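*Asks:* dropping the sequence and predicted coords here.
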Amino acid sequence: MPHLFEFEGRWRIARRIEDHWMGRTGLFEGVARFHPDGAGLVLDEVGELRLPQEVPMVARRRYLWREEGDALAVLYEDGSPFHRIAHGAPVVQAWHGCDPDDYEVTYNFTRWPAWRMVWRVRGPRKDYTSISDFTRL
């Protein structure tokens, strides 16, 4: 797994969101920018989200990435914990509980500097898979 500051810079994101309940696929295309903030990196994503039979919309999100012992801590924008990415392997998994749903993520760095993030979300409110491919700009 790369070190925190190896992520710094701009990345193209191609994301496919498979909604297993609705049987439809959404697509997101945009840019991720990792930039320093003194404590680590800020990840800003912005792009266009296209869902079947809906008007395309601008989608944004922000996370904080921090070195934390033997892992990278991924935090929400307000600093609350989201999940941790363990160092030491090219493919790593993490979990986040957002009661009543469960979020499982796999990061795949085997083709670094291109990398993939796959979320599998299950629960009474959600059932989808999100596959995001990142390539350096």
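*Replies:* Thanks, I have it. Residues are numbered from 1 along each chain as shown.

*Asks:* alpha carbons only for contacts and neighbour counts from here, please
*Replies:* Will do.

*Asks:* ok, and what's touching stretch 126-136?
*Replies:* 9-21, 101, 113-122 (C-alpha atoms under 8 Å, 6 or more residues apart in numbering).

*Asks:* so what are the sheet partners of the helix or strand bottoming out on mean pLDDT in the chain and their directions?
*Replies:* Between all helices and strands in the chain, the lowest mean by mean pLDDT, DSSP states H and E belongs to strand 91-98, at a mean of 91. For strand 91-98, the paired strands and their directions (DSSP bridges) read strand 101-108 (antiparallel).

*Asks:* please name the bridge partners of the residue nearest the centre of the chain.
*Replies:* When C-alpha atoms, centre = their mean is applied to the chain, the residue found nearest the centroid is Met117 (5.8 Å). Using DSSP bridges, the beta-bridge partners of Met117 come out as Tyr107, Ser132.

*Asks:* can you check Leu72 too?
*Replies:* Beta-bridge partners for Leu72, by DSSP bridges, are Glu67, Ile85.

*Asks:* give me the pLDDT value at it.
*Replies:* We have a pLDDT of 95 for Leu72.

*Asks:* how many other residues sit next to it?
*Replies:* Burial measure for Leu72: 20 neighbouring residues, criterion other C-alpha atoms under 10 Å.

*Asks:* thinking again about what came up before, who's in contact with the residue nearest to the centre of the chain?
*Replies:* Neighbour list for Met117: 105-108, 131-133 [criterion: C-alpha under 8 Å, 6+ apart].
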